[in-house]
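Engineer: model the following, please.
(chains A and B)
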Amino acid sequence: MLVIDDVKNALLSKYPHLNLDKVVFEPCRHHELGDLSTNAVMVLKKQGDFESFIVDFLTNHPIVETVNTTKGFINIRLKKEFWVEILKNILKDGELKPHLEGQGKTINVEYVSVNPTGPLHIGHARNAVFGDMIASLFDYFGYHVTREYYVNDAGGQIDALVSSVQLRIKELNQHPITDKDFSADMYRGTYLIPVAEKVQQEKPTHLKSFIVERMMEAISHDLKDLGIHIDTFTSEQNILNQGYLEKAFKILHERGDLYHGVLPPPKGHDGDWEEREQLLFKSTTYGDDTDRPLQKHDGTWTYFAGDVAYHLYKISRHYDVLIDVFGADHAGHILKLQSAVHAMSGGNTPLHIRTCQMVNFLDQGVPLRMSKRAGNFVTLRDLIERIGKDPIRFMMASRHPSTTFDFDFEKVVEKTKENHLFYIQYAHARICSVLKRAKSHGIEPLFHEHLLSDDDVFLIKMMYDFSRQMVLSLKHLEPHRICQYLYDLATHFHQFWEKNRLLNVDEPVITQHRLAVVVGVQKIIQRAFKVLKIDPLDEL
RNA sequence: GCGCUCUUAGCUCAGCUGGAUAGAGCGGCGGCCUUCUAAGCCGUAGGUCAGAGGUUCGAAUCCUCUAGAGCGCGCCA
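Structural biologist: Below is the predicted model:
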């Protein structure tokens, strides 16, 4: 934004000592008062009284129409030329390009990372979509993004998976099996039957990796249908084979962050606690609440140790920033992982961890109680086939990540304003429809500056806010802001539609002009949807 | 017992990391289709921002405590 930089520069050139960090221009809360407001006077109060200086400066600024002050704010109304330029830029570039702040920087976003023991279910969807949109946002701002999935293919769960497949093979060979043949940790899902068949056909030499590959094929296929492409699948087994566990041990040991000791029992963990000496990581040094075990009592590595090794591997790949996306049920891992990364990278590799909360699923208002054991969980595939990828992506991304919310299978495909995605698509479809109709009359969009109306400006202002919302979404890693913004934009458009008849064959010039204005909206929706990876609809 | 996250209108959610009179939708009430998609638009009613303190020019937002909800808490991953 030009005005704010001009004001800041003017202030600094006269008062070089000023701290202007908190000075911002924002869209004016009250439309009657102006277009933009600044808190400068209030924020700078302690450093001096700069009101008359700023007001004078703004009054003489070439793109400022009027200036007023109320309740400590300075409000400005911009000249129409400003909005003319904004719309021209949108029509030319298809958007409003924020300056690319991430050019050259590399970033690794790890998300989904579901154990390869079964198909993705709907409980995995939020993490997958949220992580993917975080990655998309970084793409948008010019970072080099790696989308990564960590495959837990080394633990006891995988052994149980292999046993489960072997049991299914037995079943294929005319040995009837019952529920009793499955031990508690085994997987009795019928999705393993085709895997067993494949094993029989191909007789692989490495059974375990063969099975994991089949599971990962299914998972990536489901992800693809949700619009997600993972760049790098990193195998836990591979990390271990490459000796990263030992490397991590060595680094932490040399730093003096390891010791053998006994953890205190968690409070309320009365009778069944048995004190055991373990190899511990001194994560309390880095802000954790308690030290964390790298080895079990028997000297074998813990799951956490594997995670530490994996993050050392990520550090060794020299990204500027690492991001992990966890479900709320893994929030307990944040501090210990960040401690480990801090220790191993010497504080040089920032690790941001974002969690998204659980989702309550409902079908026509009835809560779904899923249990993996009972086998009544809904697969992601089933949901995609039932309602499509876009409603899932939009809904999963449209809520603040740290709040739980209700996801009703029926409500997200309703064709009413209550369904935000529909409402936005409706705006887009209306624009496409009227453009098509105008074209059949030989009328194409064409912007006429001198026809710019107050209603046009009202709509252009909303388009102008796009780049600011994108910046905020990135800054806070909160893609839901984009969804919220699009809904507001759609609201403004629908109001505009009701007030201003777009197509009038008797008035071709005004028709051209209004079409050009709504093409701006169309382009912004398309650009935002590209980031969300949602397909805009030309008709409903 | 401890930790993390949450609590905003009857319901579902926003609230621009401390700014102006806290906003939308649904539901309620009342209006708007001979013209581009009424799958929409307009008006109206509805609030002690869970509660109590604190920080300051200013708090839904930051801190402390209390209550309630969800998730988690070595020897699973």
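Engineer: any idea how far apart the tips of stretch A:321-341 sit?
Structural biologist: The first residue of stretch A:321-341 is 12 Å away from its last residue (C-alpha to C-alpha, to the nearest Å).
Engineer: and what of stretch A:533-540?
Structural biologist: 18 Å.
Engineer: on the three-state scheme, residue A:501 is what?
Structural biologist: coil (DSSP: H, G, I helix; E, B strand; the rest coil).
Engineer: where's it relative to RNA strand B, distance?
Structural biologist: Distance, residue A:501 to RNA strand B, by C-beta to the nearest atom of the strand, to the nearest Å: 4 Å. Backbone N, C-alpha and C define where each C-beta goes, glycine included.
Engineer: residues near that residue, how many?
Structural biologist: 12 (other C-beta atoms under 10 Å).
Engineer: ok, now residue A:318?
Structural biologist: The burial count for residue A:318: 10, using other C-beta under 10 Å.
Engineer: ok, now the one 10 residues further on?
Structural biologist: Summarising burial for residue A:328: neighbours were counted as other C-beta under 10 Å, giving 16.
Engineer: now residue A:99
Structural biologist: Neighbourhood size, residue A:99 [other C-beta under 10 Å]: 9.
Engineer: can you list the residues of the stretch 251-400 of chain A near RNA strand B?
Structural biologist: A:262-263, A:265-269, A:272-276, A:278, A:289, A:293, A:296-298, A:302-304, A:306, A:328-333, A:355, A:357-358, A:399-400 (C-beta under 7 Å from any atom of the strand).
Engineer: helix/strand/coil for residue A:37?
Structural biologist: Assigned by three-state DSSP, the conformation of residue A:37 is strand.
Engineer: now do the contacts for it.
Structural biologist: A:25, A:26, A:27, A:28, A:29, A:73, A:74, A:75, A:76 (C-beta atoms under 8 Å, 6 or more residues apart in numbering).
Engineer: which one of these is nearest to residue A:378?
Structural biologist: Each of the contacts of residue A:37 was scored against residue A:378 by C-beta to C-beta, and residue A:27 proved nearest at 41.3 Å.
Engineer: out of the contacts of residue A:37, which end up buried?
Structural biologist: A:25, A:28, A:73, A:74, A:75, A:76 (16 or more other C-beta atoms under 10 Å).
Engineer: so for the first one, what's the nearest residue that isn't a sequence neighbour?
Structural biologist: Counting by C-beta to C-beta, 6 or more residues apart in numbering, residue A:4 is the residue found nearest to residue A:25 once chain neighbours are left out, at 4.4 Å.
Engineer: so after the helix or strand that the one you found is a member of, what's the next helix or strand?
Structural biologist: Using DSSP states H and E, residue A:4 sits in helix A:2-14. Remark: after helix A:2-14, the chain's next helix or strand is strand A:25-27, criterion DSSP H and E.
Engineer: other residues contacting that next one?
Structural biologist: Against strand A:25-27 from outside (C-beta under 8 Å, 6+ apart): A:1, A:3, A:4, A:7, A:35, A:36, A:37, A:38, A:39, A:461, A:465, A:468.
Engineer: can you rerun that using 6 Å?
Structural biologist: A:4, A:36, A:37, A:38 (C-beta atoms under 6 Å, 6 or more residues apart in numbering).
Engineer: pretty sure residue A:359 sits against residue A:407.
Structural biologist: Yes: the criterion here is C-beta atoms under 6 Å, and residue A:359 meets it with residue A:407 at 5.0 Å.
Engineer: got the contact list for the residue of the stretch 101-250 of chain A found nearest RNA strand B?
Structural biologist: Proximity of the stretch 101-250 of chain A to RNA strand B (C-beta to the nearest atom of the strand) peaks at residue A:155, 2.9 Å away. Shown in contact with residue A:155 (C-beta under 6 Å, 6+ apart): no residues.
Engineer: and for residue A:442?
Structural biologist: Taking C-beta under 6 Å, 6+ apart as the definition, residue A:442 has no contacts.
Engineer: just residue A:55 next, same as before
Structural biologist: residue A:67.
Engineer: looks to me like it is in a helix.
Structural biologist: Yes: remark: residue A:55 belongs to a helix, assigned using three-state DSSP.
Engineer: I'd like the distance between it and residue A:7.
Structural biologist: 10 Å (C-beta to C-beta, to the nearest Å).
Engineer: next: residue A:171.
Structural biologist: 75 Å.
Engineer: the more surrounded of those two?
Structural biologist: For residue A:171 versus residue A:7, neighbours defined as other C-beta under 10 Å are more numerous around residue A:7 (23 against 16).
Engineer: gap between that one and residue A:471?
Structural biologist: Counting by C-beta to C-beta - residue A:7 and residue A:471 are separated by 19 Å.
Engineer: and chain A, what are its domain boundaries?
Structural biologist: The record's domain parsing of chain A by automatic domain parsing lists A:2-78, A:415-532.
Engineer: please identify the deepest-packed of those domains.
Structural biologist: Among the domains of chain A, ranked by average contacts under mean count of other C-beta atoms under 10 Å, first place goes to domain A:415-532 (a mean of 18).
Engineer: give me the distance between the two termini of that domain.
Structural biologist: One end of domain A:415-532 to the other measures 20 Å (C-alpha to C-alpha).
Engineer: before we move on, the earlier item: which of the buried ones among the contacts of residue A:37 are close to RNA strand B?
Structural biologist: Contacts with RNA strand B are made by A:28, A:73, A:75 out of the buried ones among the contacts of residue A:37, judged by C-beta under 7 Å from any atom of the strand.
Engineer: hmm, the first one is touching residue A:39, no?
Structural biologist: This means residue A:28. No: the pair residue A:28 / residue A:39 is not scored as a contact, 11.7 Å apart, by C-beta under 6 Å.
Engineer: can you map out the helices along the stretch 251-400 of chain A?
Structural biologist: A:303-316, A:334-345, A:380-387, A:389-397 (DSSP state H, counting those that start in this stretch).
Engineer: ok, which of those helices comes nearest residue A:220?
Structural biologist: Using C-beta to C-beta, the nearest of those to residue A:220 is helix A:380-387, at 12.0 Å.
Engineer: distance from that closest one to the middle of the chain?
Structural biologist: Here helix A:380-387 is found 21 Å from its chain centre; the criterion is C-alpha atoms, centre = their mean, to the nearest Å.
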